[in-house]
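# starting from these lines, generate the structure:
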Amino acid sequence: MSSHSFEDGARLADQVASATGADPSDRLLHTRGAWAAGAFTPSEIAASLSAAEIFAVSRTPATVRFSSTLGGAHGHDGDPSDHGMAARIGDLDLVMFTLPVFFARTGADMVEFLRATNSPDPASAVPAYVARHPEAAVALDLARQARPAASFTGLTYHSVHAFGLLDPTGTTLWARLSWRPLRAAQPLTPEESHSRPQDYLRAGLHGELPARFDLVAHIPATQDDVHDPTRLWSSEQLVTLGTLTLERAEVPASEPGFDPLRLPQGIAAPLDRLARDRSAAYLAAQRRRRG
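Residues are numbered from 1 along each chain as shown. This next block holds a predicted model:
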């Protein structure tokens, strides 16, 4: 759970709403989404890397929300965008994106970036932001290369933060986590995507199920900047922690309030400031939506 105060989170949520023009009583980002339900099964090696309960039991129910960023509630799913996958598995929330790194290191920098992208002249404002924050260049370059998605379940989703996997002896292994589809889908061309209905990703989810994702831990190399969410890692070492099987499209009776820092014993919170800021803003925005 974030150590930031509710006032800090509410202030950041207000600034995000102001920067994007979002309705403060609605989701501030990733407004469009679709729900699915299933279960997570750990791999044989997972329990030796983390003492978290989801790696010790044979099956844990899971609730997932897929989402899209650009265009708000009325955007087209075919717009090249950073898609999201938020999963609740037992005591663990994993909130991931299709970009492997982020545009900002703090909540304040994120607001500054959103103001630039939503300004009357983003063609000038965004380069000016990058000049002040050169660390944003990698995420922006990757975003420019993105092509329209063919399906939610064919994408890879990444945590931009490093989590600490605490093994039964108390040793910590830092890793970025990702969901990697067992049935990846090739991206579409802009023409193909915009020939489809506006909500084709959401409407198509039911027909893609069941779908499976491996939960993969990316282990950093010695020279990698482990706790900088804007930096790619040079390491290619990957360890599979388990498999998520999504069995049905299902809106939960009670919507989970996802928190990037809702973590069980056996998984340590990221050390970067952005993770704490995101958590505080998420919780404040959820309280506001619930009245």
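# using PDB, list the CA coordinates for stretch 65-79.
Extracted C-alpha coordinates of stretch 65-79, given in PDB (Å, rounded to 0.1, in the frame of the first residue of the first chain):
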ATOM      1  CA  ARG A  65      -9.600  -5.900 -17.000                       C
ATOM      2  CA  PHE A  66      -8.200  -5.100 -20.500                       C
ATOM      3  CA  SER A  67      -8.200  -1.500 -21.500                       C
ATOM      4  CA  SER A  68      -7.200   1.200 -24.100                       C
ATOM      5  CA  THR A  69      -5.800   4.700 -23.600                       C
ATOM      6  CA  LEU A  70      -6.300   7.000 -26.600                       C
ATOM      7  CA  GLY A  71      -9.600   8.700 -27.300                       C
ATOM      8  CA  GLY A  72     -11.200   8.300 -23.900                       C
ATOM      9  CA  ALA A  73     -14.600   6.700 -23.700                       C
ATOM     10  CA  HIS A  74     -15.400   7.400 -27.400                       C
ATOM     11  CA  GLY A  75     -12.000   6.500 -29.000                       C
ATOM     12  CA  HIS A  76     -11.500   3.800 -31.600                       C
ATOM     13  CA  ASP A  77      -9.900   0.600 -30.500                       C
ATOM     14  CA  GLY A  78      -7.800   0.600 -33.700                       C
ATOM     15  CA  ASP A  79      -5.900   3.800 -32.800                       C
END
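# buried ones in it?
65, 66, 67, 68, 69, 70, 72, 75, 76, 77, 78, 79 (16 or more other C-beta atoms under 10 Å). From N, CA and C alone the C-beta is placed, and that goes for glycine too.
# what's the closest of these to residue 23?
Taking C-beta to C-beta as the measure, residue 23 sits nearest to residue 72 out of the buried residues of stretch 65-79, at 9.0 Å.
# returning to that earlier point: could you dump the buried residues of stretch 65-79 to JSON lines with secondary structure?
Below are the buried residues of stretch 65-79 laid out as JSON lines (DSSP: H, G, I helix; E, B strand; the rest coil):
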{"residue": "65", "secondary structure": "strand"}
{"residue": "66", "secondary structure": "strand"}
{"residue": "67", "secondary structure": "strand"}
{"residue": "68", "secondary structure": "strand"}
{"residue": "69", "secondary structure": "coil"}
{"residue": "70", "secondary structure": "coil"}
{"residue": "72", "secondary structure": "helix"}
{"residue": "75", "secondary structure": "coil"}
{"residue": "76", "secondary structure": "coil"}
{"residue": "77", "secondary structure": "coil"}
{"residue": "78", "secondary structure": "coil"}
{"residue": "79", "secondary structure": "coil"}
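# nearest to residue 126 among those residues?
Within those, the smallest distance to residue 126 is 14.1 Å, found for residue 70 (C-beta to C-beta).
# which pLDDT value goes with that closest one?
As predicted, residue 70 sits at a pLDDT of 68.
# now residue 289
Looking at residue 289, the pLDDT reads 69.
# pull up the pairing partners for the helix or strand containing residue 216, direction included.
Element membership for residue 216 (DSSP states H and E) is strand 211-219. Its sheet considered, strand 211-219 pairs with strand 172-181 (antiparallel), strand 237-248 (antiparallel) by DSSP bridges.
# which residues sit in contact with residue 107?
Going by C-beta atoms under 8 Å, 6 or more residues apart in numbering, residue 107 touches 12, 273, 274, 277, 278, 280, 281.
# for residue 269, same thing?
163, 164, 261, 263, 275.
# pull up the gap between it and residue 132, please.
Using C-beta to C-beta, to the nearest Å, residue 269 is found at 28 Å from residue 132.
# if I look at residue 166, how far off is residue 122?
Look at residue 166 and residue 122: by C-beta to C-beta, they are 42 Å apart.
# I meant residue 137, not that one.
Counting by C-beta to C-beta, the gap from residue 137 to residue 122 is 16 Å.
# and residue 202, by the same measure?
Distance of residue 202 to residue 122, given as C-beta to C-beta: 26 Å.
# the two: who's more crowded?
A direct count of neighbours by other C-beta atoms under 10 Å for residue 202 and residue 122 places residue 202 higher, at 19 against 14.
# now stretch 260-273: how far from the chain's centre is it?
14 Å (C-alpha atoms, centre = their mean, to the nearest Å).
# mind listing what's buried in that stretch?
Neighbour-count burial for stretch 260-273 [16+ other C-beta under 10 Å]: 260, 261, 262, 263, 264, 266, 267, 268, 269, 270, 272, 273.
# check stretch 159-167 too.
159, 160, 161, 162, 163, 164, 165, 166.
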